[in-house]
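Chemist: Compute the structure for the input listed below.
(chains A, B and C)
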Amino acid sequence: MSFIENLPFLSVVLFLFAAVVCSVLKPKAARIFTTAVEAVVIAFSVATLLYTRGTGTFFRYNMGHFDAPWSNQLRAGVLDALAAFTFSSVLLLSHIGGIRYAKIDIEPKKQNSYCTLLNLIGAALMALSYTNDLFTGYVFLEILTLSSCGILVIRRQGRTTLSAARYMVINLLGSGLFLLGVSLFYGTTGHLLMEYIKTGVETLDATGEYQIPLTVTIGLVSSGLAIKAGLFPFHTWMPDTYGTATPTSSAVLSGIVSKGYIFLLIKIMYRVAGTGTVAMTAARHILYVFGMAGIIMGSFWAIKSKYLNRMIAYSSAAQIGYIFVGIGLGGEAGFRAAMFQLIAHAFTKPLLFLAGARLSESSGDSLLFSDLQGAAHRNRAAGAAFAVGAFSMVGIPTLAGFSTKLYFAVAAIEHGTLVDFATLGVLAVSTLLNALYFMRTVIRIYTPSPAPTPLPTFEPSPDKSDPGLVCAVGFAAGILFLGLFPGTVSSLIISGLSMFG
Amino acid sequence: MGNLLYNYEEATALILFSIGFVTLLFHRNMIRKLIGMNIMDSGIYLFLASMGYIYDRRAPIVEGGDTNPVNYINPVPASLVLTGIVVSVSVTAVMLSLAVRLYERYHTLNLDEIYAMSRRRAEHR
Amino acid sequence: MKLKDDFKKWLSYDLDLDEEPTMPEPIEFDDEAPEITIWHRLRQQGAHRKLYYVVAVICSAVLAFTLILTVSGMPRYGEDAEFMDTVTYEYLAHGMEYTGAVNIVSGIILEYRAFDTLGESFVLFCAVTCVLVLLRLDDEADSSAPSYHDLTHDIVLRRTARAIIPLIFVFGIYVLLNGHLSPGGGFSGGAVLGAGIILLSSAYGEEASGKFVTERTFRIVTTSALLFYCVGKSYTFYTGANGIETFIGNGRPGDILSAGLILPLNVAVGLVVACTMYGIYRMFKERRF
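Modeler: Now for the predicted structure:
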């Protein structure tokens, strides 16, 4: 066995280890240590990605001395490693990009707790990417929920506590449904490892036994994870949550936490329920309808919004809708579009939040659009970064959003006629709406202020170590790569999906 | 109705689950939501525990070197419940401290009133 | 034409679609959801409560009906379902031999499914971190710490506590150390110990409980126990996955010193749980250590 096969397990344990260590370190040391651990995990993910791509197959990793149906297990293929790479690199970039605000927003003695919570989020996301066991999935799901609540409330000002309460209530509903679904899976198949459940499900499907429990189970698991990810009727916590947290937390929550749930859902569809079973098809169709509704309604509320952060947050609701439309379209093309959108959005949304925070800082800490006029002239780097993110959201060619929309169109055309037209129509309308509200914002921030503004102009803070530029360049590089070389990523996703089931 | 008359214990557990779920979703008071969450989780644990029970068998603690599996009940649900209980204790602690913070800031635990108060204070961030 | 004008206004921010209604009455739900007005009207008529209950009852009934339908399609209660036996029988038949634990459930949670349990301890750690973040008041000048009913002068509590605290501690330690032999283990034993310390603290004040747990011991014990857990379990995972023989033996099942790493891990988990329980209690009571 190659040593590289240990890396998935090591990435989880390294994050857990770092979480404990950070709780006793001094703030600065904790920050440096966390950054180092995140960088190491990125390297691990890249190595796993290259290894699985080279061997052309996945590998399993038993957690302990016992063999498959009896012990916990990890399983890594190209797609798992790609997700792990996305999660860890976005975590690192968001962390360093928001350090400047974390220092202001968080009380000095709680700085190291923030690093602990970020590490726990990292560990949970790595475990969700690699796990092959449903109950392990549940446990790390709860770590993800609790620690994301922690990074939200660590900023004491404003209505963060209220947002956290709403966030937790919705998430607990989702967790409850998911746990009941996992219990029912165990009750009908007698297994908790994903492939073994699938064998059981296929047997039951063939014999026609336990049809109702199976359908309900799949419904519970899908709806639980969709609620946690913030699909349309359950998106109401998003503007509060993303809009009130400290910028790093907004970036992490919108960029990767909700994606962790969706990745687990895709994994369950492929590896547990089987995308083709009757119940799964029904569940996918329901997700498709709500995804479409989410796209339109999210854009609609984003247009109505008059605060920058709330607008970006509502646009998240629309983008999550895209992912679920991809899942609902199904087939290789649909899941490819969903995965591509997952990665593209994970790189774009944090950039918008972090650039938006700097724009608002240069406009006297106001998030009102009317105060943001000319902000891009006060902070040129942030303005450029925001423009790149916004253009990608709209779908300008050479940027990530364009490739995403292309893959969605391809997936829709491969489908039947009615669905085909509906999806393309929603895509067109949503692109128009996106262009409307993002272009308006870009124009607004690039319009010079009419009079000598009373707002304080941007001054580089005395603390020279703000690595915001590094983070912006990192995100922009990711977006450009996804836009210029969509074929590379797409072939990775396709080969990952083929070894996913 | 299939096995409903045999599975009355599971049915009770899942009725508990739905009561808890609806309480968590619809009640406006933080503490009641929290109680709803605990009822919901207890329902799931009862469901798991009753799924593992088998008539006339002992708890899975080996006595006198007797390792014949047909003498013991299913140990897996017990271990899942053990894990699950710790999770719900943790979540309860976090939710209670959120309730404490909310009460300190708004002097009520009714979420309707808290929203209204937050709006009146124009807390947009 | 009106639309065009409105659009121009919207572009230049003169049209305020997102107007903030300044109502004296409390209003409901999402700030920007269009239902607000209807909901608000219902609330003023006092009908919202009724609607609320009706919706809740309907939801509850639908959910319960679906789930009962599910249950009636499940395998029968109290009968041995054959498809479960692949996993279960292996645990029951060989669990004691392979893990050394007489209590099969202990063997499962700390050997077979140890990764879940590792995650579970970290859920607890995550919760205590969140509670510290939420409730801790660092500013000594901040007098917003809650006042509470001081029980240290309650003679009934003090006498009862004096009588039962030793028993609680002995019982907790017993449960902790016999986790691999009898029902119990780290989590239950730790919870009993934590409850004992909390009782001590409420009956005799923190001078008494401070002999067991201060902030310093809390940090040291939690950190070192979790690190030990992490490292110990990683060793098992690593050797297990790579097919390396471990040097940790299982001993003779039934002995107190048996079952490999299960006993030390139980002790570590128990210490973490006891400290966490007490830490959370202190946070709620005093908002600081």
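
Chemist: what's the pLDDT at the closest residue to A:A83 other than its chain neighbours?
Modeler: Excluding its sequence neighbours, the residue lying closest to A:A83 (C-beta to C-beta, 6 or more residues apart in numbering or on different chains) is A:S129, at 4.5 Å. Heads up, the C-betas are built off the backbone N, CA and C, glycines and all. In this model, A:S129 is scored at 93, pLDDT.

Chemist: Same question for the one 4 residues further on.
Modeler: As summarised for this prediction, A:D133 has a pLDDT of 91.

Chemist: Next, count neighbours for it.
Modeler: For A:D133, the count of nearby residues is 25 (other C-beta atoms under 10 Å in any protein chain shown).

Chemist: Average pLDDT for the lengthiest helix in chain A, rounded please.
Modeler: If you go by DSSP state H, chain A has its longest helix at helix A:331-362. In this model, helix A:331-362 carries a mean pLDDT of 91.

Chemist: Using the three-state scheme, assign the spatially most central residue of chain B.
Modeler: With the centre of chain B defined as its mean C-alpha position, the nearest residue by C-alpha atoms, centre = their mean is B:D41, 1.2 Å away. When classified by DSSP: H, G, I helix; E, B strand; the rest coil, B:D41 comes out as helix.

Chemist: give the contact list for it.
Modeler: B:D41 makes contact with A:176, A:179, B:20, B:84, B:88, according to C-beta atoms under 8 Å, 6 or more residues apart in numbering or on different chains.

Chemist: try 7 Å
Modeler: For B:D41, the contacting residues are A:176, B:84, B:88, by C-beta atoms under 7 Å, 6 or more residues apart in numbering or on different chains.

Chemist: just A:A375 next, same as before
Modeler: A:A375 neighbours (C-beta under 7 Å, 6+ apart): A:359, A:362-363, A:383, A:445.

Chemist: what's the burial count for the residue of the stretch 51-200 of chain A at minimum distance from chain B?
Modeler: Proximity of the stretch 51-200 of chain A to chain B (C-beta to the nearest C-beta) peaks at A:R159, 4.2 Å away. With neighbours defined by other C-beta under 10 Å, the count for A:R159 comes to 23.

Chemist: what does the model give it for pLDDT?
Modeler: 83.

Chemist: And for A:G425, the neighbour number?
Modeler: When neighbours are defined as other C-beta under 10 Å, A:G425 has 12 of them.

Chemist: measure it to A:G294 for me?
Modeler: Counting by C-beta to C-beta, to the nearest Å, the gap from A:G425 to A:G294 is 15 Å.

Chemist: Quick one: name the residues of the stretch 151-300 of chain A near chain B.
Modeler: Applying C-beta under 7 Å from any C-beta of the partner chain, one finds that the stretch 151-300 of chain A approaches chain B through A:158-159, A:161-162, A:164-165, A:168-169, A:172-173, A:176, A:179-180, A:183, A:187, A:243-244.

Chemist: tell me the mean pLDDT over stretch A:37-57?
Modeler: 92.

Chemist: Sorry, slip of the keys, the one I care about is stretch C:236-256.
Modeler: Here stretch C:236-256 scores 76 as its mean pLDDT.

Chemist: in that stretch, what's buried?
Modeler: Within stretch C:236-256, the residues that qualify as buried are C:236-241, C:250, C:253-254, counting by 16 or more other C-beta atoms under 10 Å in any protein chain shown.

Chemist: Name the residues of whatever helix or strand A:L93 lives in that come out as buried.
Modeler: Counting by DSSP states H and E, the element that carries A:L93 is helix A:78-105. Buried residues in helix A:78-105, counted by 16+ other C-beta under 10 Å: A:78-103, A:105.

Chemist: quick check: angle from that helix to helix A:331-362?
Modeler: Interaxial angle, helix A:78-105 versus helix A:331-362 (axes from the mean of the first three to the mean of the last three C-alpha atoms, to 10 degrees): 10 degrees.

Chemist: Could you point out the helix or strand that follows helix A:78-105?
Modeler: Note on helix A:78-105: by DSSP H and E, the next helix or strand toward the C-terminus is helix A:111-130.

Chemist: what's that following helix packed up against?
Modeler: Applying 3 or more C-beta pairs under 7 Å, 6 or more residues apart in numbering or on different chains; DSSP states H and E, one finds that helix A:111-130 makes contact with helix A:7-22, helix A:27-55, strand A:73-76, helix A:78-105, helix A:134-153, helix A:258-268, helix C:114-135.
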